[in-house]
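**Student:** No sequence on hand, only this structure:
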């Protein structure tokens, strides 16, 4: 980036983001115009948690560390973005923050992660949705929300595990069943145990669990506890004091772990659903054999 | 509509009610709750900052009484908002025969707009625990941005100067009387203060002219909304998914008019197929135009709404 880094992360409304998403920007042949974007943006906040530099640094680091394999950076970035850009869910739900990150703070990251160099396809334009799009697709929102939905209280390990398989982004992150924390943890656990491994298997598992969720109330089978909203607020306020480790996982908000018995109640059920699930490319047993 | 499932479900309907709403423990006046609309309006600037809202929720399922088929019956209230990816279940406990009650908490930090509150009855059926045997027929909306629970508008309307420096996104439309922005949340109809005579007509000009003009704006708005919503539908495993938010509201409202012979799910599939696949859209645009016209006529309040909004605005 040749221009000066802004001091704080700000908000760029959708309509302006769309205005700047021209073909040359999507192709990477032109940089989004920093001063016009700044003029169109609004302040988000002046607390430490809105500082731009720490967020920019983790993306610089990721692009260095994973230069030969950008998709692998997801598992490293998701928890670190979440622990650096500390947001309330109500703030993260506003697409304007993610637009600003994509068009002003780190458009080079979007091109690096989603551009022609890493896509096996010829170097066409980056999909617009990676700059401005749904929370499970936009380059930054998907990382932040994956961390928020897959963490177990202050423990980011499940996030790291889930983000090593792209299917957790491609299919699972868009499903509403994972808004129930215990369901999300049970899915991740089946993956980390090795019961489901490949992208296709993860996809089959998630489809089966999602489909069964229309007749089974997972919330009733595996009651969760309410996260502690005050503890989360405290964590936001501590942003300036936090140290972000690069070699080990940071500590997330201490707003309560997912109850273990609830996850244990779902594991055998999900394992059973997976056994019956059709996996693309896997041979089906011949009829008559059960 | 009832979904067919391979096990017995509760006959008849069950209903959910919000009896009382509190902000940080302080009971709110009755008028923030509309039973008819199933809405609680929580935008109360006079209250100032609040952290938690609580609702006394009651589920009526009289048909559970004396029906021996069910064991392990449990009732839950479910609070959900797609945009903040919140889904919270709260148990409702039996207070008297056929009645289940509980207190549902909503954290301010976890929500931005319209929160859905519904209720489900769960039981062990054929040895399978956790089977959903009923969902309330009348889900409620907790609206954090509404001051009046009886209002239903999903579009906001604003008078602005399209040529003003602070509105660069409207500069291309400077010469137009109005434009519609569907990228926002909620979508917005912009009316151009720079367009001579427009304000006078919509404010109180001759009645026929006024209603014709506002109906025309409304038709165009509905067409834009429908097209935007149709293009935003994601297709998973060949089945289109309901998009949630205002997009879903618009689709659910208009699809029965566009494809009156199809179920809502099939109508959505048909719409997506016609907008995206090769082979042309057939008579789709004619159907959309017709539905938008009917919709605009039915919500004639749209014109009143524009005038009401412009009265509030002080510039």
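**Tutor:** The structure has been received and is ready for your questions. These numbers were taken from a predicted model, which means no experiment stands behind them.
**Student:** where along the stretch 151-300 of chain B do the strands fall?
**Tutor:** Assignment of strands within the stretch 151-300 of chain B using DSSP state E, counting those that start in this stretch yields the ranges B:156-160, B:178-181, B:188-192, B:235-236, B:239-240.
**Student:** Tell me the strands beside the third one, with direction?
**Tutor:** For strand B:188-192, the pairing partners within the sheet under DSSP bridges are strand B:156-160 (parallel), strand B:178-181 (antiparallel).
**Student:** what do you get for the last one?
**Tutor:** If you go by DSSP bridges, strand B:239-240 pairs up with strand B:235-236 (antiparallel).
**Student:** Please work out the average pLDDT along stretch A:44-51.
**Tutor:** In this model, stretch A:44-51 carries a mean pLDDT of 93.
**Student:** ok, and what's touching that stretch?
**Tutor:** A:7-11, A:85-87, A:91, A:96-97, A:100, A:236-237, A:239-240 (Cβ atoms under 8 Å, 6 or more residues apart in numbering or on different chains). Using the backbone N, CA and C atoms, a C-beta is placed for each residue, glycine as well.
**Student:** Break chain B down into its domains, please.
**Tutor:** For chain B, automatic domain parsing gives the domain ranges B:15-143, B:156-312.
**Student:** Kindly reformat these as JSON lines containing distance to residue A:167, mean neighbour count and mean pLDDT.
**Tutor:** What follows is those, written out as JSON lines (distance: least, Cβ to Cβ, whole Å; neighbours: other Cβ atoms under 10 Å in any protein chain shown; pLDDT from 0 to 100):
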{"stretch": "domain B:15-143", "distance to residue A:167": "18", "mean neighbour count": "18", "mean pLDDT": "92"}
{"stretch": "domain B:156-312", "distance to residue A:167": "13", "mean neighbour count": "16", "mean pLDDT": "80"}
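**Student:** Can you list phi and psi of the closest residue to residue A:54 other than its chain neighbours for me?
**Tutor:** Counting by Cβ to Cβ, 6 or more residues apart in numbering or on different chains, residue A:54 lies nearest to residue A:84, which is 5.1 Å off, once chain neighbours are set aside. Dihedral pair for residue A:84: phi -100, psi -50, per degrees, to the nearest 10.
**Student:** okay if I get the domains of chain B as JSON lines plus distance to residue A:112?
**Tutor:** Below are those laid out as JSON lines (distance: least, Cβ to Cβ, whole Å):
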{"stretch": "domain B:15-143", "distance to residue A:112": "27"}
{"stretch": "domain B:156-312", "distance to residue A:112": "26"}
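**Student:** Go through those and name the closest to residue A:27.
**Tutor:** Checking the domains of chain B against residue A:27 by Cβ to Cβ gives domain B:156-312 as the closest, at 22.3 Å.
**Student:** At the geometric centre of the chain, which residue sits there?
**Tutor:** By default, I'm working from chain A. Taking Cα atoms, centre = their mean, the centroid of chain A lies closest to residue A:143, which sits 2.4 Å from it.
**Student:** other chain: chain B
**Tutor:** A centroid search over chain B (Cα atoms, centre = their mean) returns residue B:249, at 5.0 Å, as the residue closest to the centre.
**Student:** burial count for the closest residue to residue B:42 other than its chain neighbours?
**Tutor:** The spatial neighbour of residue B:42 that comes closest, neighbours along the chain excluded (Cβ to Cβ, 6+ apart), is residue B:144 at 5.0 Å. When neighbours are defined as other Cβ atoms under 10 Å in any protein chain shown, residue B:144 has 19 of them.
**Student:** same check, this time on the one 4 residues further on
**Tutor:** Residues contacting residue B:148 under the criterion other Cβ under 10 Å number 14.
**Student:** same check, this time on residue A:272
**Tutor:** The number of residues packed around residue A:272, counting by other Cβ under 10 Å, is 12.
**Student:** now do residue A:204
**Tutor:** Neighbourhood size, residue A:204 [other Cβ under 10 Å]: 23.
**Student:** just residue A:37 next, same as before
**Tutor:** For residue A:37, the neighbour count with other Cβ under 10 Å is 22.
**Student:** For it, which non-adjacent residue is spatially closest?
**Tutor:** Leaving aside its sequence neighbours, residue A:37 sits nearest to residue A:104 (Cβ to Cβ, 6+ apart; 4.8 Å).
**Student:** Give me the secondary structure label for that neighbour.
**Tutor:** helix (DSSP: H, G, I helix; E, B strand; the rest coil).
**Student:** quick one: contacts for it?
**Tutor:** Counted by Cβ under 8 Å, 6+ apart, residue A:104 has contacts A:6, A:10, A:12, A:32, A:34, A:37-38, A:41.
**Student:** Quick one: name the residues of the stretch 1-150 of chain A near chain B.
**Tutor:** Proximity of the stretch 1-150 of chain A to chain B is confined to A:13-16, A:18-19, A:40, A:88-90, A:92-94, A:134-135, A:145, A:148-149 under the rule Cβ under 8 Å from any Cβ of the partner chain.
**Student:** so where's chain A uncertain?
**Tutor:** A:1-3, A:116-123, A:282-290 (pLDDT under 70).
**Student:** what's the domain layout of it?
**Tutor:** Chain A breaks down into these domains under automatic domain parsing: A:1-119+A:126-150, A:153-281.
**Student:** Residue B:260: which of the strands paired with strand B:188-192 is closest?
**Tutor:** When the strands paired with strand B:188-192 are compared by Cβ to Cβ, strand B:178-181 sits nearest residue B:260, at 25.8 Å.
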